[in-house]
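Participant: kindly generate the corresponding structure for this input.
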Amino acid sequence: MRNPLYERTFVISGTVPNLIFGIAVPTDPKIAKWKTTCFGGNMVKFQIRVAFWRALQLAANHLAITLIGLVALQFISLEVSAEQTNAPQHVHTLKITVLVTNLAGNPKEGEGEWGYSALVEVDGHKILYDTGASADMIVRNAAALHIDLSGAEDVILSHNHWDHVGGLMTLRRELLKVNPRAISRVHVGAGIFEPRLDESGQDHNGLKTIRAEYLATGGMFIVHDKPTQLYPGVWFTGPVPRPNIEKNWSPGLSLVTLQGRIEDNVPEDSALVFDTTEGAVILTGCGHAGIVNIAEYARTITHEKPLLAVVGGLHLFSAPEQSVTWTGAKLKTYGIKYLLAGHCTGIEATFLLRDSGGMTRKSAVVSTVGSSFTLGSGIDPRMLAQ
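Facilitator: From the prediction side, this is the model:
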């Protein structure tokens, strides 16, 4: 229905601005007469009024064009943003420094123990990976190495074993004095809190008492059942699929299932994977899932990137020589260039991996406290392992 005062200027085939801002101009003689009467018979005033409406229409059209342009730019921006989100994100700077492992590296710069922990510095973020065995070893070694851990808010616990979780509470309490957010988020793989029973039924889960103590400080556990990108290019694997038969765990404990007790193969075992332009970098605590399984999963996560480096424990110290050489040969097929193997890997096993993996004394070394891997420059082995 027509407005009794205005003849509308937009039609279905009109321009988009007119469809949005259809400013009408009086054209009916009766309306002109009404205008004449309204303005005291002064037709000049009516013409001015018509000119005003036409000017208003022109301004509205210009405004509409501007707004449509802005909307179009917004859609373009959203589309580009979506493309960027879907595109692989890479790590640009990365340094992994070993804080706890079985061997000390330099005199008076930390002590060794049976356990593992490493500090990750990646693109401005700090992540602590495992916390060693002793309550205060990680605190003392970090101090000896002049490393400040107060900026690390995220912690990775690769699995439940005592030699990887023992330093969590001491570290949390110490760093709370400096930064309430330090060590406030602990990322774990699904199933990590399940009881690990010996033959007598005693639970040997390393987190059975630590869990409640940590939560009481205001910290949180974040449980992952699939790969999660914590930061651009930084992936926490969650439990790793195991298509290859790699029995890289110590026997003696069991898990309770609906079908009864089964051997505890540390199903929650998880790693960190860094997607770099040079290839994938893996950080693992014990590699109970099997380093070949972890490497294959890492390549899936990073869209089949070659394997640049493996850092951490691989639990091969008691493995048969044939198993170790098979492992090295498999890693070689993935393109491995660097190996900083510590903790439960074993010294002899590291040398076998070096030979079968096609690496050298410079690129494959036994990890020590303070040793590190840096993206772009490789391994700093410290004095003992150089």
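Participant: residue contacts, residue 118?
Facilitator: 96-100, 128-130, 283, 311-312 (C-beta atoms under 8 Å, 6 or more residues apart in numbering). To be clear about C-beta, it is placed using only N, CA and C from the backbone, and glycine gets the same treatment.
Participant: so which of those residues belong to strands?
Facilitator: 96-100, 128-129, 283, 311-312 (DSSP state E).
Participant: skip the chain neighbours and tell me the closest residue to residue 178.
Facilitator: Excluding its sequence neighbours, the residue lying closest to residue 178 (C-beta to C-beta, 6 or more residues apart in numbering) is residue 150, at 4.4 Å.
Participant: output stretch 357-369 as PDB, restricted to C-alpha atoms.
Facilitator: Provided in PDB are the C-alpha atoms of stretch 357-369 (Å, rounded to 0.1, in the frame of the first residue of the first chain):
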ATOM      1  CA  GLY A 357      69.100 -44.000  12.700                       C
ATOM      2  CA  GLY A 358      71.900 -42.600  10.500                       C
ATOM      3  CA  MET A 359      72.900 -39.900  13.000                       C
ATOM      4  CA  THR A 360      76.200 -38.600  14.300                       C
ATOM      5  CA  ARG A 361      77.800 -37.900  17.600                       C
ATOM      6  CA  LYS A 362      76.800 -34.300  17.200                       C
ATOM      7  CA  SER A 363      73.200 -34.900  16.300                       C
ATOM      8  CA  ALA A 364      72.400 -37.900  18.600                       C
ATOM      9  CA  VAL A 365      73.500 -37.600  22.200                       C
ATOM     10  CA  VAL A 366      72.800 -38.800  25.800                       C
ATOM     11  CA  SER A 367      70.700 -36.100  27.500                       C
ATOM     12  CA  THR A 368      72.100 -34.500  30.700                       C
ATOM     13  CA  VAL A 369      70.700 -31.900  33.100                       C
END
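Participant: which parts of it are buried?
Facilitator: Of all the residues in stretch 357-369, those buried under the rule 16 or more other C-beta atoms under 10 Å are 357-359, 363-369.
Participant: same check on stretch 314-332?
Facilitator: 314-317, 319, 323-328, 330-331.
Participant: follow-up on the earlier one: now, among the ones in strands among the contacts of residue 118, which is nearest to residue 382?
Facilitator: Among the ones in strands among the contacts of residue 118, residue 98 lies closest to residue 382 (C-beta to C-beta), at 8.9 Å.
Participant: how near is that closest one to residue 319?
Facilitator: Distance of residue 98 to residue 319, given as C-beta to C-beta, to the nearest Å: 22 Å.
Participant: go on, residue 271?
Facilitator: Distance, residue 271 to residue 319, using C-beta to C-beta: 18 Å.
Participant: cool, and residue 311?
Facilitator: 19 Å.
Participant: next: residue 234.
Facilitator: For residue 234 relative to residue 319 (C-beta to C-beta), the value is 29 Å.
Participant: do residue 239 as well
Facilitator: Between residue 239 and residue 319 the distance is 22 Å, computed by C-beta to C-beta.
Participant: how about residue 251?
Facilitator: Where residue 319 is concerned, residue 251 sits at a distance of 13 Å (C-beta to C-beta).
Participant: mind listing the strands for the stretch 51-200 of the chain?
Facilitator: Assigned by DSSP state E, counting those that start in this stretch, the strands in the stretch 51-200 of the chain fall at 94-100, 117-122, 125-129, 154-156, 185-189.
Participant: okay, these in JSON lines with distance to residue 264 and mean pLDDT next?
Facilitator: Shown next, in JSON lines, are the strands of the stretch 51-200 of the chain (distance: least, C-beta to C-beta, whole Å; pLDDT from 0 to 100):
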{"stretch": "strand 94-100", "distance to residue 264": "23", "mean pLDDT": "98"}
{"stretch": "strand 117-122", "distance to residue 264": "22", "mean pLDDT": "98"}
{"stretch": "strand 125-129", "distance to residue 264": "22", "mean pLDDT": "98"}
{"stretch": "strand 154-156", "distance to residue 264": "20", "mean pLDDT": "98"}
{"stretch": "strand 185-189", "distance to residue 264": "14", "mean pLDDT": "98"}
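Participant: figure out which of the ones you listed is closest to residue 307.
Facilitator: For residue 307, the closest of those is strand 94-100, at 14.6 Å, according to C-beta to C-beta.
Participant: chain neighbours aside, what residue packs nearest to residue 120?
Facilitator: In space, residue 120 is closest to residue 127, 4.2 Å off (C-beta to C-beta, 6+ apart).
Participant: check contacts around the one you found.
Facilitator: Neighbour list for residue 127: 119-120, 152, 154-156, 230, 234, 272 [criterion: C-beta under 8 Å, 6+ apart].
Participant: of all these, which two lie farthest apart?
Facilitator: Among those, 119 and 230 lie farthest apart (C-beta to C-beta), at 14.9 Å.
Participant: dump the contacts of residue 118 into a markdown table; add neighbour count as well.
Facilitator: Formatted as a markdown table, the contacts of residue 118 follow (neighbours: other C-beta atoms under 10 Å):
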| residue | neighbour count |
| --- | --- |
| 96 | 26 |
| 97 | 20 |
| 98 | 28 |
| 99 | 28 |
| 100 | 30 |
| 128 | 26 |
| 129 | 27 |
| 130 | 31 |
| 283 | 24 |
| 311 | 27 |
| 312 | 31 |
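Participant: which among the residues you listed gets closest to residue 247?
Facilitator: Of all the contacts of residue 118, residue 312 has the smallest distance to residue 247: 18.3 Å, by C-beta to C-beta.
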